[in-house]
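1. Fold the following, please.
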Amino acid sequence: MSMLDSQIYCIDRCCSRIDGRLSDIFGRKATLCLAMGLFMLGCLLAGFSRNIEQLIVFRGIAGVGGGAIISMSQIIISDVVSLRER
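-> Model prediction:
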């Protein structure tokens with residue numbers, strides 16, 4: 001696993017607690033839309049990066065968005081599906 005791949009996983013785990021709190025404050029839909037926007041922006045900027053430093057930073061932004069998408073999808077599923085059905 002390369003450094004760029006492991007960076008996404010580390011940032012994902014670091015930001016998962018923040019995502020839940022933001023979804024409590026701003027709502028699930030707004031937080032999920034923000035996460036998708038961050039992920040898309042990070043991937044787009046990483047595609048246009050000109051050097052390795054830019055690539056690392058932009059992949060970090062994509063990692064924050066990707067981690068938030070995973071966290072938010074689990075939170076939304078737990079809201080929709082009752083505890084008895086899980």
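2. what helix or strand is the residue lying closest to residue 8 once chain neighbours are set aside on?
-> Once flanking residues are discounted, residue 8 sits nearest to residue 63: 3.7 Å by C-beta to C-beta, 6 or more residues apart in numbering. C-betas here are computed from N, CA, C, even on glycine. Element membership for residue 63, per DSSP states H and E: helix 52-80.
3. Could you list the buried residues of that helix?
-> Under the neighbour-count criterion of 16 or more other C-beta atoms under 10 Å, helix 52-80 has 55, 58-69, 71-72, 75 buried.
4. Check stretch 3-18 too.
-> Across stretch 3-18, burial judged by 16+ other C-beta under 10 Å covers 7-8, 11-12, 15.
5. which one of the residues you listed is nearest residue 84?
-> Of all the buried residues of stretch 3-18, residue 84 sits closest to residue 12, with 29.8 Å by C-beta to C-beta.
6. hmm, who's touching the helix or strand encompassing residue 44?
-> Using DSSP H and E, residue 44 falls within helix 28-47. Helix 28-47 is contacted by residues 19, 22-23, 26, 54-55, 58-66, 68-69, 72-73, 75-76, 79 when judged by C-beta atoms under 8 Å, 6 or more residues apart in numbering.
7. how near is residue 8 to residue 52?
-> Separation of residue 8 from residue 52 (C-beta to C-beta, to the nearest Å) stands at 16 Å.
8. ugh, wrong one, I meant residue 68
-> On the measure of C-beta to C-beta, residue 68 and residue 52 end up 25 Å apart.
9. What residues of the helix holding residue 44 count as buried?
-> 28, 31-32, 34-35, 38-39, 42, 45-46.
10. chain center to that helix: distance?
-> Centroid separation for helix 28-47 versus its chain: 7 Å, with C-alpha atoms, centre = their mean, to the nearest Å.
11. Same question for stretch 56-67.
-> With C-alpha atoms, centre = their mean, you get 7 Å for stretch 56-67.
12. quick one: secondary structure of residue 82?
-> What DSSP: H, G, I helix; E, B strand; the rest coil gives for residue 82 is coil.
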